[in-house]
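>>> got a sequence here, can you build the structure:
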Amino acid sequence: MAPPVLRSGILKIAPYVGGEAHAPGAGRLARLASNEGAFGPSPRAVAAYQAAAAEIHRYPDGASRVLVEALAERHDVDPRLIVCGNGSDEILHLLALAYAGPGDEVLYSAHGFLVYPIAARSVGAMPVAVAERNLVADVDALLAEVTSRTRILYLANPNNPTGSYLPEAALMRLHAGLPENVLLVIDAAYAEFVSADDYVTGQDLAVEASNVVMTRTFSKVYALGGLRLGWAVGPAAVIDGLHRIRGPFNINSAAQAAGVAALDDTAFIGAAVLHNHQARQWLAERLGALGLVVYPSEGNFLLVSFEGWADPEQVRQYLKAQGILVRQMTAYGLPQCLRITIGRTDELEWLVDALSVYPR
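Okay, the predicted model is just below:
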């Protein structure tokens, strides 16, 4: 008898590969490849996580009620319009499962988050990458690609890995141009780091419109990536559907406790955001002075082009040999670039010093 056969399309999925976390032989390590929080999590979040250890024999609250209430209070939104996920990645996948399938199309900008095409293909839908304009999502191009088969449009705002964003007016124009049966998913994972005055997270749109969902994460500014914790705001009907198909205990109890504590430590988060703003500008200036092209970023990372300067993969391996890890961008269609996370000040100074003496 023949062995089980994978559903058509699964083998077309390129597995997601995260940033490197190890540099064998290096005595010191700067992990600047995965956009993790520069200072780690809030001490309050760590304490809450540790306190939860005594109860790990108990099933968690499947509805994450305390966490949802804390999110609702912090962001001034009806808790009935919130769902939590095992990272915002789970919510992105659940949305594809709920709204797309074989024969459908899922749009995203060409250099958008790699999870979008993975989510589409995992349910048998066709991912459609839409060309950007100067590494910024192109509203007109996205709307031009909408067809009767389009079910979801994923938009990272700000976008990883480019660091670019759509301002409020452009975001509203994008939504206004979509048919009502197309779900606009605004992935605002890096919202806390934005300094632009014309930026909005999309939360108000997600509350008011029937076809918009905004996703957020605890992995970036809250530095809880290892706990896998995300959340979303959307119309009641969408949130209800996600609750019906999510895992019954998709958020573990320790993650719920740490998330609540992290939300409460506003001073810690404020310091992390301030550091990111200052260090991002400092690093951009220093790299620019070395002759590198640094793209404007509203995230906790910089996209840097090494075209005409040196081979980016050779530069990455050179840095890795010293213990400095940065992210290659070939999978995103940007082979000439490397992405560098905004780490601690000493890590960034080490990076700049290493590049300053790169043997070109």
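
>>> what segments of the chain are helices?
When assigned using DSSP state H, the helices of the chain occupy the ranges 43-51, 65-75, 88-99, 115-122, 139-144, 168-176, 203-208, 236-245, 253-264, 266-289, 312-322, 345-356.

>>> TSV for those, including mean neighbour count, distance to residue 226 and mean pLDDT?
(C-beta placed from N, C-alpha, C; glycine too.) Below are the helices of the chain laid out as TSV (neighbours: other C-beta atoms under 10 Å; distance: least, C-beta to C-beta, whole Å; pLDDT from 0 to 100):
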stretch	mean neighbour count	distance to residue 226	mean pLDDT
helix 43-51	17	10	98
helix 65-75	16	17	98
helix 88-99	23	14	98
helix 115-122	22	18	97
helix 139-144	16	34	98
helix 168-176	16	31	98
helix 203-208	18	26	98
helix 236-245	15	23	98
helix 253-264	23	9	98
helix 266-289	16	16	98
helix 312-322	17	22	97
helix 345-356	17	19	98
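
>>> in CSV: these, plus distance to residue 57.
What follows is those, written out as CSV (distance: least, C-beta to C-beta, whole Å):
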stretch, distance to residue 57
helix 43-51, 15
helix 65-75, 19
helix 88-99, 24
helix 115-122, 33
helix 139-144, 48
helix 168-176, 45
helix 203-208, 37
helix 236-245, 25
helix 253-264, 10
helix 266-289, 30
helix 312-322, 41
helix 345-356, 39
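
>>> these two touch, right, residue 61 and residue 252?
No - between residue 61 and residue 252 there is no contact under C-beta atoms under 8 Å: 10.4 Å.

>>> more crowded one of those two?
Neighbours were counted for residue 61 and for residue 252 using other C-beta atoms under 10 Å; residue 252 has more, 18 against 14.

>>> wait, what's in contact with the more buried one?
Residue 252 sits next to 60, 227 when contact means C-beta atoms under 8 Å, 6 or more residues apart in numbering.

>>> distance check, it against residue 60.
Counting by C-beta to C-beta, to the nearest Å, the separation of residue 252 from residue 60 is 6 Å.

>>> thinking again about what came up before, tell me which of the helices of the chain sits nearest to residue 187.
helix 88-99 (6.9 Å; C-beta to C-beta).

>>> how about residue 164, what does it touch?
If you count contacts by C-beta under 8 Å, 6+ apart, then residue 164 has 132, 135-137, 158, 295-298 around it.

>>> swap in residue 256?
60-61, 64, 66-67, 84, 229.

>>> give me the distance between the two termini of stretch 181-195.
For stretch 181-195, the first and last residues are 33 Å from each other (C-alpha to C-alpha, to the nearest Å).

>>> next one: stretch 149-163
Span of stretch 149-163 from end to end, C-alpha to C-alpha: 29 Å.

>>> please apply the same query to stretch 95-109.
Chord length of stretch 95-109, first to last residue, is 17 Å (C-alpha to C-alpha).

>>> numbering from 52 from now on, please.
Right, with 52 as the first residue, what we last looked at is stretch 146-160.

>>> contacts only, for residue 356.
With contacts defined as C-beta under 8 Å, 6+ apart, the neighbours of residue 356 are 343-346, 387-388.

>>> for residue 218, give its distance to residue 190.
Separation of residue 218 from residue 190 (C-beta to C-beta) stands at 11 Å.

>>> could you do residue 391 as well?
Taken as C-beta to C-beta, the span from residue 391 to residue 190 is 28 Å.

>>> what confidence value was assigned to residue 235?
Residue 235 carries a pLDDT score of 98 in this model.

>>> in strands only, show me the contacts of residue 356.
Among the contacts of residue 356, DSSP state E puts 344-345, 388 in strands.

>>> and the residues you listed, which of them are buried?
Buried subset of those (neighbour count, 16 or more other C-beta atoms under 10 Å): 345, 388.

>>> now residue 275: closest residue in space, sequence neighbours ignored.
residue 269 (4.2 Å; C-beta to C-beta, 6 or more residues apart in numbering).

>>> that neighbour touches residue 311, doesn't it?
No - in this structure, residue 269 is not within contact of residue 311 by C-beta under 8 Å, at 10.5 Å.

>>> in a markdown table: the contacts of residue 356, plus distance to residue 148 and pLDDT.
As requested, the contacts of residue 356 are arranged in a markdown table below (distance: C-beta to C-beta, whole Å; pLDDT from 0 to 100):
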| residue | distance to residue 148 | pLDDT |
| --- | --- | --- |
| 343 | 41 | 98 |
| 344 | 39 | 98 |
| 345 | 38 | 98 |
| 346 | 33 | 98 |
| 387 | 35 | 98 |
| 388 | 32 | 98 |
